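Asks: sequence-free structure coming up:
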């Protein structure tokens, strides 16, 4: 028995042991990303608790939008680089190192280092993000019933990191110094890289990943079949609806972050806590709800909703969340008094339910529908929906320069609600294009 075989047979809660390595890699990467993101918009416009760069909402929203767009858009390039040249393992490794350098650059209190840090994080995340998800998919055979549950567990790890980060970076950034918060985010990424290297031996694919340039450089790749193209078209269709979802969901870093800072009570027993701590609510909900959804998808059997239907459910949750917080926004705007934190807590809970339905399902769907040699590239395209969604989120947040919170939240409610209705109408047609893939 070879060392690779022994490593491949090791289990972690009923899943391949390599899932643990990737679980903690992504956990620390999301710790670094969300720890910094909790501060980013507030740092640019200035918090009620600490002055920042003094940008107005429109300028900060534009920078935030282009930054978050680029973070996920470069995933397309990162997937291509991994598929064609350096492989998925090395892409994740170098991505993590570059991300850490970016956070440490932002720890230097000069504007040029702030923008340099954003650029490095963009490059590093483009290499890491699509390829770590691809590695998760490679641990399972395509017909393995544990596959969706594995992605749900993986996604729980993402949110453990995202949950803890704002408590540390938010406290350091808003209470002491913004740049200490950015540095703390970088420390997390360093820890993630170290454990990733230590767990390399467990990343044994269940099926070989096809990369013509490395394994068969002299043989041209076989042409895509009509079934391949139909399945790829499904990724393209759901890309549109995923973009709409992220445009609403990613208001968490912008308009909802400002609603927490300017319109929500931030005192508990006379003690004032950082407004950025609300960024931990959604990850906490994922941490508690993801196992429930993972169990649900596994045990529903023939009643398990198809991937497109799970996308529809996710958009429905998002729309309802904005309908709910509209009432809180109206209350703030009529009384001019800070409102209960429960408005944001319930909103984040509803959005989390939608996120769990859509995001891990989407990652799993891409690995099932993609031709093997294009899985990295198509995962990058999937993350491109996050890019466009984040860009739209930053653009919409810029409306706060001239519009009240209630009008911005109304836009999000209507857009996501209409998208859910359209998608549910075309689910049967999408299922036909999937050609037997659930």
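Replies: Noted; the coordinates are in hand. Note that this is a predicted model, so its numbers are computed, not measured. Numbering: from 1, shown residues only.
Asks: and for the helix or strand containing residue 194, what's in contact with it?
Replies: Element membership of residue 194 [criterion: DSSP states H and E] is helix 178-198. Contacts of helix 178-198 with the rest of the structure, by Cβ atoms under 8 Å, 6 or more residues apart in numbering, involve 21, 24-29, 31-33, 35-36, 39, 43, 50, 52, 92-93, 96-97, 99-104, 106-109, 117, 161, 165, 168-174. Where C-beta positions appear, they are placed from N, C-alpha and C, glycine not excepted.
Asks: and the residues you listed, which of them are buried?
Replies: Among those, the ones that count as buried by 16 or more other Cβ atoms under 10 Å are 21, 24-29, 31-33, 35-36, 39, 43, 50, 52, 92-93, 96-97, 99-104, 106-107, 117, 161, 165, 168-174.
Asks: what about residue 376, neighbour count?
Replies: Residue 376 has 30 neighbouring residues, counting by other Cβ atoms under 10 Å.
Asks: right, and residue 173 touches residue 277 too?
Replies: No: using Cβ atoms under 8 Å, residue 173 makes no contact with residue 277, being 11.1 Å away.
Asks: show me where pLDDT drops low in the chain?
Replies: Regions of the chain meeting the criterion pLDDT under 70 cover residues 1-9, 208-221, 438.
Asks: ranges for the strands of it?
Replies: Taking DSSP state E as the criterion, the chain carries its strands at 11-12, 15-16, 267-268, 271-272.
Asks: ok, which of those comes nearest residue 204?
Replies: Distances from residue 204 to each of the strands of the chain were compared using Cβ to Cβ; the minimum, 7.7 Å, belongs to strand 15-16.
Asks: which residues touch the closest one?
Replies: Residues from elsewhere that reach strand 15-16, judged by Cβ under 8 Å, 6+ apart: 8, 10, 139-140, 146, 149-150, 153, 202, 204, 206.
Asks: which of the contacts of helix 178-198 fall within helices?
Replies: The helices, defined by DSSP state H, take in 21, 24-29, 31-33, 35-36, 39, 43, 92-93, 96-97, 99-104, 106, 117, 161, 165, 171-174 from the contacts of helix 178-198.
Asks: report how many residues lie close to residue 298.
Replies: Look at residue 298: counted by other Cβ under 10 Å, it has 14 neighbours.
Asks: tell me the contacts of the nearest residue to it once chain neighbours are set aside?
Replies: Closest residue in space to residue 298, ignoring its immediate chain neighbours: residue 149 at 5.0 Å, by Cβ to Cβ, 6 or more residues apart in numbering. Contact analysis of residue 149 by Cβ under 8 Å, 6+ apart lists 15, 294-295, 297-298.
Asks: in JSON lines: the residues you listed, plus distance to residue 433.
Replies: Compiled in JSON lines, these are given as follows (distance: Cβ to Cβ, whole Å):
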{"residue": "15", "distance to residue 433": "30"}
{"residue": "294", "distance to residue 433": "26"}
{"residue": "295", "distance to residue 433": "29"}
{"residue": "297", "distance to residue 433": "21"}
{"residue": "298", "distance to residue 433": "25"}
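Asks: any of those buried? List them.
Replies: 15, 294, 297.
Asks: thought residue 304 was touching the last one, still the case?
Replies: Read it as residue 297. Yes: assessed by Cβ under 8 Å, residue 297 is found in contact with residue 304 at 5.8 Å.
Asks: coming back round to it: could you say which of the strands of the chain is packed most deeply?
Replies: Most buried of these by mean neighbour count (mean count of other Cβ atoms under 10 Å) is strand 15-16; its value is a mean of 23.
Asks: okay, buried residues for stretch 59-68 please.
Replies: Buried positions in stretch 59-68, judged by neighbour count with 16+ other Cβ under 10 Å: 60-68.
Asks: quick one: distance of it to the chain centre.
Replies: How far stretch 59-68 lies from its chain's middle: 17 Å, per Cα atoms, centre = their mean, to the nearest Å.
Asks: same question, stretch 150-168
Replies: 10 Å.
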